[in-house]
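Participant: Just a sequence and a predicted model for now, questions to come.
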Amino acid sequence: MLALEHLRKSYGTRPVLHDVSLPVERGEILGFVGGNGAGKTTSMRIVLGVTEADSGRVLLDGEPVDDGIRSRMGYMPEERGLYDTMRVEHQLRFFAELRGLTRGDARRAAAYWLEVLGLSQRRQSRLQELSLGNQQRVQLAAALVHAPDTLVLDEPFSGLDPLAVDVMSRVLREEADRGVPVIFSSHQLDLVERVCDRVAVLRQGSLLAHGTVAELTDEAQPRYLVRSDADSRLWSAELDSAARDTLEPAPDGGVIVSLAGTPEGPDHLADAVRRHGSLLELRPWRPSLFEIYRSVVDPHPADQEESTA
Ligand SMILES: Nc1ncnc2c1ncn2[C@@H]1O[C@H](COP(=O)(O)OP(=O)(O)OP(=O)(O)O)[C@@H](O)[C@H]1O
């Protein structure tokens, strides 16, 4: 397990991480989300030893992460870090040998990842001749070429076309399946929801939430989707006022209503709707990761200095 424990960091007098603790199990993909400036890159840089924490520590399987452990990590830094004029295959072989592979193993590993990531045709191109998305694929190949035992990826999906996203997602899952803890940051919440086992939400340097999407859904607040040809103002007037105040339109039509804090259950809701028209659909409403994110991060939007997400 990769464990970030009580990380604190300030730049000058400005605190940017407040006691961030986060476990990433082996075999798990963790999505790291948060608005611009929330502290995702800083946290990952601390894991990689590029930035030093003021306090706290990072452990892999209980061992403090040192240069030896870091040399077995695969990473994709925000500022990337490949050589623009070096040919793609040469670049991958270079990184593999740097990480301790023999010349033959490095050649085989480079060829393998070029094939998996759809770059075989471009292996003799210089990096700068590739599109940004293909450069991104080379970045991922460079992170993977030495069979790392941990993956730390800063926005690996940004700028990728849909097929590359698919390939990247599959590769991350395969890496997790061989026991690698995978942590990546992203602003693409639909993708995070699809790819990740767990999600961590950071806001202004504090961890606000961590868990599976199902765990982050507030189970104590049962919400229901109602589709009906009846006017929602009529049937909602028959509900407890606490429920009436929660009515909101569902993204694909219908109305979402919460019965939390009311003595009413779904049967009462169904009866109220039917008294005014046909009930077409009534089912528990599971929010998307975006909605969960918004409800976690948005309560104090005015406080967010840099967030745009
Ligand atoms: N080298 C630095 N010197 C001073 N402040 C910094 C430095 N690096 C980061 N910061 C500040 O630390 C805070 C966290 O930045 P960080 O890059 O970790 O956020 P992030 O969550 O990765 O954001 P984004 O989604 O925009 O990439 C920001 O307020 C940023 O301005």
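Facilitator: Sure, I can see it.
Participant: What is the burial count for Gly39?
Facilitator: Applying other CB atoms under 10 Å, we find 24 residues neighbouring Gly39. Quick note: C-beta positions are derived from backbone N, CA and C, even for glycine.
Participant: Distance-wise, check it relative to Arg103.
Facilitator: Note on Gly39: its distance to Arg103, by CB to CB, to the nearest Å, is 40 Å.
Participant: Next: Leu239.
Facilitator: Taking CB to CB, one finds Leu239 at 72 Å from Arg103.
Participant: mean confidence for the host helix or strand of Ala141?
Facilitator: Secondary structure assignment for Ala141, by DSSP states H and E: helix 132-144. Averaged over helix 132-144, pLDDT sits at 92.
Participant: continuing past it, what's the next helix or strand?
Facilitator: strand 150-154.
Participant: ok so, going back, okay, Leu239 and Arg103: which has more neighbours?
Facilitator: Leu239 (20 against 10).
Participant: Model confidence score at that one, please.
Facilitator: 92.
Participant: What residues does it make contact with?
Facilitator: Applying CB atoms under 8 Å, 6 or more residues apart in numbering, we find Leu239 in contact with Val257, Leu259, Thr262, Glu264, His268, Leu269, Ala272.
Participant: Dump the C-alpha coordinates for the longest helix along the chain into PDB.
Facilitator: Criterion DSSP state H: the longest helix present in the chain is helix 162-177. Output of helix 162-177 as PDB, limited to C-alpha atoms (Å, rounded to 0.1, in the frame of the first residue of the first chain):
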ATOM      1  CA  PRO A 162     -11.300   8.900 -27.000                       C
ATOM      2  CA  LEU A 163      -9.500   5.800 -28.300                       C
ATOM      3  CA  ALA A 164      -6.400   6.700 -26.400                       C
ATOM      4  CA  VAL A 165      -8.400   7.300 -23.300                       C
ATOM      5  CA  ASP A 166      -9.700   3.800 -23.700                       C
ATOM      6  CA  VAL A 167      -6.300   2.300 -24.100                       C
ATOM      7  CA  MET A 168      -4.900   4.300 -21.200                       C
ATOM      8  CA  SER A 169      -7.800   3.200 -19.000                       C
ATOM      9  CA  ARG A 170      -7.200  -0.400 -19.900                       C
ATOM     10  CA  VAL A 171      -3.500  -0.200 -19.300                       C
ATOM     11  CA  LEU A 172      -4.000   1.400 -15.800                       C
ATOM     12  CA  ARG A 173      -6.500  -1.400 -14.900                       C
ATOM     13  CA  GLU A 174      -4.000  -4.000 -16.000                       C
ATOM     14  CA  GLU A 175      -1.300  -2.400 -14.000                       C
ATOM     15  CA  ALA A 176      -3.500  -2.300 -10.900                       C
ATOM     16  CA  ASP A 177      -4.500  -5.900 -11.500                       C
END
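Participant: What segments of the stretch 101-250 of the chain are helices?
Facilitator: 103-116, 132-144, 162-177, 189-195, 213-216, 232-236, 241-244 (DSSP state H, counting those that start in this stretch).
Participant: With the ligand as the reference, name the closest of the ones you listed.
Facilitator: helix 189-195 (12.7 Å; CB to the nearest ligand atom).
Participant: What about the closest residue in space to Gly39 that isn't next to it in sequence, how many residues nearby?
Facilitator: Excluding the flanking residues, the one nearest Gly39 by CB to CB, 6 or more residues apart in numbering is Gly205, at 4.3 Å. For Gly205, the neighbour count with other CB under 10 Å is 23.
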